[in-house]
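**Student:** below is the sequence, then the predicted model.
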Amino acid sequence: MRINATGATVLQHGALFYDRVGRTAEMNGHALVLSERERTLLEIFMQQPGQMVSKAQIIEMMCERGEPVSTNAVEVYVHRLRKKLEVGGVRIYTVRGQGYCLDEARTI
């Protein structure tokens, strides 16, 4: 986490930056176009990069922010966000039966 020139808290994971105050994201110097729920989801993941976040935790955090969401909707938003991040080398991994994990892309 770092503080940018305007004093806003910015989360960073590799080449991915998220400004929590401005609710903007950029990767490799390019702005990411995200929906409101994708921004919320990204912020949730970036607060705990490399750690597993369960669907139940995601639903609870989104509801706390006034964005009620179903389990199926979480899967849809994760899929959409995943597609936007993979191009820049950041992935959202599925932890089968448990949840998701934001991390840098791995090669097998």
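**Tutor:** Now that the structure is in, tell me what you want to look at. None of these values were measured; they are calculated from a predicted model.
**Student:** of all the residues in stretch 94-101, which ones are buried?
**Tutor:** Neighbour counts over stretch 94-101 (16 or more other Cβ atoms under 10 Å) mark 99-101 as buried. Placement of C-beta: from N, CA and C, glycine included.
**Student:** quick one: which of those sit in helices?
**Tutor:** The helices, defined by DSSP state H, take in nothing from these.
**Student:** nearest to Glu38 among those?
**Tutor:** Among the buried residues of stretch 94-101, Tyr100 lies closest to Glu38 (Cβ to Cβ), at 13.4 Å.
**Student:** check contacts around the nearest residue to the closest one once chain neighbours are set aside.
**Tutor:** Of all residues not flanking Tyr100 in the chain, Ile92 sits nearest, at 5.3 Å (Cβ to Cβ, 6 or more residues apart in numbering). When the contact criterion is Cβ atoms under 8 Å, 6 or more residues apart in numbering, the partners of Ile92 are 45, 78, 81-82, 85, 100-102.
**Student:** okay if I get the residues you listed as a markdown table plus pLDDT?
**Tutor:** Below are those laid out as a markdown table (pLDDT from 0 to 100):
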| residue | pLDDT |
| --- | --- |
| Phe45 | 95 |
| Val78 | 96 |
| Leu81 | 96 |
| Arg82 | 95 |
| Leu85 | 94 |
| Tyr100 | 96 |
| Cys101 | 94 |
| Leu102 | 93 |
